[in-house]
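A.B. asks: sharing a model prediction with you, sequence too.
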Amino acid sequence: MKKGRFNWVGDLQWGSTGKGLAAAYLAAQCGIERMSTTNLPNAGHTAIVTKEDGTERKFISKIIPTSAIVNKPFVFDGEVRAFTGDNPFARGKIKCYIGAGAGFHVSRLLQEIEECALTPDQVVIHPRAVVVTEDHKNAEVTGSFSTKHIASTMQGSATAVVDKMMRLADVKLAQDYEELQPYICKNFFAGEVINDIQRGYTWMHEGSQGFSLGLNHGSHYPFCTSRECTVMQSMADMGVPPDLVGDIIGVMRPYPIRVGNVVEDGKQVGYSGDCYDDHTEITWDEVHRRAGYPEDFKLSELTTVTKRVRRVFEFSMKQIKQAIAVNGINKIFLNFANYLDFGVYGTNNPDDLTDPIWGFIAKLERATSVRVAWVGTGPSIDHVVEL
């Protein structure tokens, strides 16, 4: 992670590649001091860390950076990272920025701030971030604005953003809520971001959803999300000029997923879209078999927001090449290596990686000319191999 630069972590596929894990790991490894997002409620990001007593702390973020979980004491590399004294993670060094492209439910935002024990001086919200209401959500479930036919998460993200774009008289932005005033940026938001970057802080922005879901450059319109999912979009939402960009890290998995189709009363009423022409849809049982998972281990994934069973696909090199080309990726974070070989589950030791993992990495690096810098082997930040 480059100091004094806007480092970006984003998804190279259709989402759910483990960006939350990657971001939390990088925050712990690199001592991230400034973190940002422009999330909407149509995506959730999960991070798991080990607490001082040896149990796990799980944080699911829809709004604030997932990496904010490190604002509480946690164990990393065998030592407790606390927020006292001369520790590099001393309280006050971490600050979370929520950009203008974000949208959220107020109650959920306040819940996440409390869950990460963030104080008002650690959270900066762009005054024009939009507030998503139940009316926005309901509009996407039923009626002429429903997005059920494309198996959307139907959380009200698009309708809220459209209301903001239409500048409706009754639209509510973050600046209009009294309970958010302690967190609202009172100055020029982009100026504060730029100043903090130029002061030499290590900054990390967490991109939301996945490149292939992008409205314009994604894979399969209209089976996509309501905006772009690129580093350029994140820069625009945060007000960051190109000369301040640092590392651009792409997170991916060997078997990409799409959100599950919508089925009601045994009938499919929502389809989440096709795949690239160099791969096909497979079953979780097939992934289970190939990776050598134990018979009693049921391998299946539910989406974070909708809790539908995810659709799973063979790997597509075309998908990855497109995402790398458009975003200018210079490092890869490969998650779910345990889906290639269950034998590596939970390791953080490079010597434990097996031939199937190294073979996949070699093929990926030859085809993309981008280095795989980290390998995730399980759900926790303790399950990451640094190469």
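C.D. replies: Arrived safely, thanks for sending. These numbers were taken from a predicted model, which means no experiment stands behind them.
A.B. asks: report how many residues lie close to Lys321.
C.D. replies: Lys321: 14 surrounding residues under other C-beta atoms under 10 Å. The way it works is simple: take the backbone N, C-alpha and C, and place the C-beta from them, glycine included.
A.B. asks: spit out the contact partners of it.
C.D. replies: Taking C-beta atoms under 8 Å, 6 or more residues apart in numbering, we find Lys321 in contact with 367-368.
A.B. asks: what about Asp53, how many neighbours?
C.D. replies: 6.
A.B. asks: can I assume it sits in a helix?
C.D. replies: No. According to DSSP: H, G, I helix; E, B strand; the rest coil, Asp53 belongs to no helix; its state is coil.
A.B. asks: quick one: it from Val385, how far?
C.D. replies: Look at Asp53 and Val385: by C-beta to C-beta, to the nearest Å, they are 25 Å apart.
A.B. asks: which phi and psi values does Glu281 adopt?
C.D. replies: Dihedral pair for Glu281: phi -80, psi 140, per degrees, to the nearest 10.
A.B. asks: tell me the confidence at the closest residue to it other than its chain neighbours?
C.D. replies: Leaving out its chain neighbours, the residue that sits closest to Glu281 by C-beta to C-beta, 6 or more residues apart in numbering is Phe313, at 5.2 Å. On the pLDDT scale, Phe313 is placed at 97.
A.B. asks: where exactly do the strands run in the stretch 201-350 of the chain?
C.D. replies: 202-206, 245-252, 257-258, 262-264, 267-270, 281-282, 311-313, 331-334 (DSSP state E, counting those that start in this stretch).
A.B. asks: please enumerate the helices of the stretch 251-387 of the chain.
C.D. replies: 284-291, 317-327, 355-368 (DSSP state H, counting those that start in this stretch).
A.B. asks: does Tyr201 touch Ser36 like I think?
C.D. replies: No. Taking contacts as C-beta atoms under 8 Å, Tyr201 lies outside contact range of Ser36: 11.2 Å.
A.B. asks: returning to what we had before: out of the helices of the stretch 251-387 of the chain, which gets nearest to Leu213?
C.D. replies: Using C-beta to C-beta as the measure, helix 317-327 is the one of the helices of the stretch 251-387 of the chain that comes nearest Leu213, at 10.8 Å.
A.B. asks: where does the stretch 101-250 of the chain have low pLDDT?
C.D. replies: 151-152 (pLDDT under 70).
A.B. asks: show me the contacts for Gly15.
C.D. replies: 43, 209-210, 213, 257, 259.
A.B. asks: make it 10 Å
C.D. replies: Residues counted as contacts of Gly15 (C-beta atoms under 10 Å, 6 or more residues apart in numbering) are 42-45, 153, 208-213, 225, 229, 256-259, 303-304, 310.
A.B. asks: now do Leu244
C.D. replies: 2, 4-6, 193-194, 197-198, 203, 235, 238 are the contacts of Leu244 under C-beta under 10 Å, 6+ apart.
A.B. asks: any idea which of these is the one closest to Phe333?
C.D. replies: Lys2 (15.6 Å).
A.B. asks: wait, Leu364 touches Leu334, no?
C.D. replies: Yes. With contact defined as C-beta atoms under 10 Å, Leu364 counts as touching Leu334 (7.4 Å).
A.B. asks: now for the two: what residues contact both?
C.D. replies: 252, 254, 372.
A.B. asks: how near is the nearest residue to the first one once chain neighbours are set aside to Ala117?
C.D. replies: Residue nearest to Met252 in three dimensions, not counting chain neighbours: Leu12, with 4.4 Å by C-beta to C-beta, 6+ apart. As judged by C-beta to C-beta, Leu12 and Ala117 stand 32 Å apart.
A.B. asks: same question for Ile184.
C.D. replies: 20 Å.
A.B. asks: higher neighbour count, these two?
C.D. replies: Ile184 (21 against 14).
A.B. asks: isn't that one up against Val131?
C.D. replies: No. Contact criterion C-beta under 10 Å: Ile184 and Val131 do not qualify, at 11.9 Å.
A.B. asks: any shared contact partners between the two?
C.D. replies: In contact with both Ile184 and Val131: 173-177, using C-beta under 10 Å, 6+ apart.
A.B. asks: can you convert those residues into TSV and add a column each for distance to Asn349 and secondary structure?
C.D. replies: Converted to TSV, these look like this (distance: C-beta to C-beta, whole Å; DSSP: H, G, I helix; E, B strand; the rest coil):
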residue	distance to Asn349	secondary structure
Leu173	48	strand
Ala174	44	helix
Gln175	49	helix
Asp176	51	helix
Tyr177	48	coil
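A.B. asks: so which of those residues wins on neighbours?
C.D. replies: Neighbour counts for the shared contacts of Ile184 and Val131 peak at Ala174, which has 24 neighbours (criterion: other C-beta under 10 Å).
A.B. asks: correct me, but that one touches Ala160?
C.D. replies: No. Applying C-beta under 10 Å, one finds Ala174 not in contact with Ala160, separated by 11.6 Å.
A.B. asks: which residues do these two both contact?
C.D. replies: With C-beta under 10 Å, 6+ apart as the test, Ala174 and Ala160 both reach 103-104, 130-131.
A.B. asks: and Ala236, what does it touch?
C.D. replies: 38, 99-101, 228, 230.
A.B. asks: what mean pLDDT does stretch 301-308 have?
C.D. replies: For stretch 301-308, the per-residue pLDDT averages 77.
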